[in-house]
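Trainee: Structure for the following, please:
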Amino acid sequence: MKEILQDCSLQELEALVIEYGEQKFRAKQIFQGLMQGKKISELPVSAALREKLLERFEDEPVRIQEVFTSSDGTKKYLFALADGNLIEGVLMQYKYGATQCVSTQVGCRMGCKFCASTLNGLIRNLTAGEILSEILVVNRAEGGTLKDRAVHNVVLMGSGEPFDNYDNVVKFLRLLTMEGGIHISARNISLSTCGLVPKMLAFSKEGIPLNLTVSLHASTDEERARTMPVANAYKIADILKACDVYFKETGRRYIFEYSLIGGENSDEKHAHALAALLKGRPCHVNLIRLNEVKERSLKTVTEKDAYRFLGMLEREGISATLRRSMGNDIGGACGQLRASYLKEQESKESF
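Mentor: Here you go, the predicted model:
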């Protein structure tokens with residue numbers, strides 16, 4: 001596999017074109033072309049320069065392989081990478097604009113019991129440019145431009161644990177928020193982590209004040225460890241301390257995701273325990289009705305029970321919402337599309 005040109009910042013592109021004997025302004029032409037979702041072979045530069053670039057870099061590091069559209073307008077994208085690996089993303093339409101969910105790894109090694117992304121473990125990390133290209137190709141496919149984007153918000157909640165691919169994710173965020181490019185504000189970006197405490201603390205110092213979201217899903221370490229192996233390494237108390245550091249450094253309140261799992265964490269006692277844990281903290285709780293994964297035995301709760309849990313939190317003074325389920329009819333949950341596609345390909349090859 002060749003290098004990824006989309007990994008380069010404008011400054012790195014300037015050094016590259018000078019190395020190739022070109023004038024510095026060519027870097028801006030290349031950068032803007034890439035930010036528009038163009039392949040190297042489509043860039044508005046000389047054929048000789050394109051040829052040099054293609055010798056070293058992938059023409060199309062991320063390609064849209066399939067698109068599935070839900071009855072609610074949600075679109076699920078299956079992306080093919082240059083090495084043949086597959087990742088996925090989701091584009092969700094809201095009143096305030098479109099939000100794209102991106103993947104940061106091919107697979108995941110965190111082993112969360114409710115997530116399809118972990119079924120085959122971690123294959124590899126994505127580069128900063130590959131993560132960025134997920135957005136660039138969707139923005140272009142949806143008719144967006146740099147001035148009038150089709151993607152308004154980004155959530156790092158697809159396949160992979162973002163902080164397990166720390167350096168690439170931080171570089172991606174700097175490229176994403178850079179003026180002159182796709183330029184999405186940090187306030188319109190959310191990053192979800194299962195709670196890798198050292199990386200949370202490091203990220204607090206990066207100067208990227210995005211919306212930090214932690215997959216909590218339980219109010220005690222013992223309960224959390226039943227569905228999240230990472231709980232054996234990082235305790236809830238330490239996660240809360242890291243969240244407090246993030247709030248102190250950025251001024252941004254943090255968010256906890258809590259998937260409601262039938263028979264596991266969705267009873268009245270769980271609501272009271274969660275409220276007691278979070279009371280007085282500058283946080284918000286996103287309740288989620290579990291997206292059931294065929295290969296897992298965990299079950300979701302009814303909508304009525306989800307709203308009952310929400311009401312109990314609100315009565316105890318906890319800021320909370322129940323996230324609207326989107327794309328259920330097209331396998332909208334993390335990792336489901338890739339997993340089903342790989343199984344389909346395996347069955348075809350067996351005949």
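
Trainee: Show me where the stretch 151-300 of the chain dips below the pLDDT cut-off.
Mentor: Within the stretch 151-300 of the chain, the segments meeting pLDDT under 70 span 294-295.

Trainee: In it, mark out all the helices, start to finish.
Mentor: Under the criterion DSSP state H, counting those that start in this stretch, helices of the stretch 151-300 of the chain are mapped to 166-177, 197-203, 221-227, 236-250, 268-278.

Trainee: Of the ones you listed, which is nearest L290?
Mentor: Shortest separation from L290 across the helices of the stretch 151-300 of the chain is recorded for helix 221-227, at 10.0 Å, computed as Cβ to Cβ. In short, each C-beta sits where N, CA and C put it, glycine included.

Trainee: residues near I182, how many?
Mentor: 21 (other Cβ atoms under 10 Å).

Trainee: again with L310
Mentor: With other Cβ under 10 Å as criterion, L310 counts 18.

Trainee: how about the strands in the stretch 201-350 of the chain?
Mentor: Along the stretch 201-350 of the chain, counting by DSSP state E, counting those that start in this stretch, strands occupy 211-215, 254-260, 283-289, 320-322.

Trainee: quick one: the first one to strand 283-289, angle?
Mentor: For strand 211-215 and strand 283-289, the angle between their directions (axes from the mean of the first three to the mean of the last three Cα atoms, to 10 degrees) works out to 50 degrees.

Trainee: State the paired neighbours of strand 211-215 in the sheet, together with their directions.
Mentor: Pairing partners of strand 211-215, with direction, according to DSSP bridges: strand 189-193 (parallel), strand 254-260 (parallel).

Trainee: How about the last one?
Mentor: Using DSSP bridges, the neighbouring strands of strand 320-322 in the sheet come out as strand 283-289 (parallel).

Trainee: Between helix 236-250 and the strand it pairs with, find me the angle.
Mentor: Going by the same axes, to 10 degrees, strand 283-289 makes 120 degrees with helix 236-250.

Trainee: Mind listing residues that contact strand 283-289?
Mentor: Residues from elsewhere that reach strand 283-289 (Cβ atoms under 8 Å, 6 or more residues apart in numbering): 213, 243, 253-260, 274, 278, 300-301, 303, 306, 309-310, 313, 318-323, 325.

Trainee: Determine how far that strand lies from the middle of the whole chain.
Mentor: 17 Å (Cα atoms, centre = their mean, to the nearest Å).

Trainee: ditto for stretch 232-241
Mentor: Counting by Cα atoms, centre = their mean, stretch 232-241 comes out at 22 Å from the chain centroid.

Trainee: Assumed I18 was part of a strand.
Mentor: No: judged by DSSP: H, G, I helix; E, B strand; the rest coil, I18 forms no part of a strand; its state is helix.

Trainee: That concludes my questions; thank you for your assistance.
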